[in-house]
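Undergrad: Dropping the sequence and predicted coords here.
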Amino acid sequence: MTSILAAVACGIVCGLDLKTCAEAISKFEPPMGRCSVHRTPVGAFYVFEHKAPFWTIANSLNFVREAQAPRKTVVFGTISDYPGSASSHYKRAARAALEVADRVVFVGAQSSHVSKLRKGELQDRVFAFQTTYQATEFLRQETSPSELILLKGSNSVDHFERIPLAQIETVVCWKQSCRVKRTCLKCPNYHKAAGPPFGLAQAQALAVANV
């Protein structure tokens, strides 16, 4: 909102009226990772956020709550900027997401914090994977047409853009935590093959992590 208001202020100073500013804003496509929308061949809609401070989760989940879709999935990567223990914050994120989404997926080294939630009926709603590669293979097989999938992770650790990209083109770089802050499409190593970590085969990648 701050960025939009700044753009509107510049437009007004340059002599534009509010209606013209609003029309220009409505046509603007967000850049990769800033709530960018990616539609896959099966018809699923991915909304990709490459920032995941804990304080932004509520606003992201409010978007999921208000959206209209036959099925909704929220995928969390590495959550940042919170005080205290990681375990309590990941569990809070999981519980909040379960209120607005049909499925919640956690990816990365911290995904084990939600393991105790995977009981009873939640076994089919909460999933945990160690790597983006595993989550990608799971979603490739377990995604329905017109499904809404929110991807919210930290760019330099998770690089969640590879999840929808892998359904559109061939992704060969599956490094985990590469620490490159730019998006994969702007990375000079994007087309250099780097296999999944831990020697994970595709069959293993489809298995839900029972951590």
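TA: On my side now, so go ahead.
Undergrad: low pLDDT regions in the chain?
TA: Scanning the chain with the threshold set as pLDDT under 70 gives 197-211.
Undergrad: ranges for the helices of it?
TA: Taking DSSP state H, the helices of the chain run over residues 2-13, 18-26, 57-66, 86-98, 132-141, 155-158, 162-165, 202-205.
Undergrad: counting contacts, what elements does the second one pack onto?
TA: Spelled out, it's helix 18-26. For helix 18-26, the packing partners by 3 or more CB pairs under 8 Å, 6 or more residues apart in numbering; DSSP states H and E come out as helix 2-13. No exception for glycine: its C-beta is placed from N, CA and C like everyone else's.
Undergrad: cool, and the first one?
TA: Contacts of helix 2-13 with other secondary structure elements, assessed using 3+ CB pairs under 8 Å, 6+ apart, are made with helix 18-26.
Undergrad: Check the fifth one too.
TA: The criterion is 3+ CB pairs under 8 Å, 6+ apart, and the helices and strands that helix 132-141 contacts are strand 72-76, strand 103-107, strand 126-129, helix 162-165, helix 202-205.
Undergrad: wait, doesn't Val180 sit right on Asp158?
TA: No. Counting by CB atoms under 8 Å, Val180 sits too far from Asp158 to count as a contact (11.6 Å).
Undergrad: more neighbours, these two?
TA: Using other CB atoms under 10 Å as the criterion, Val180 and Asp158 rank with Asp158 on top: 26 against 17.
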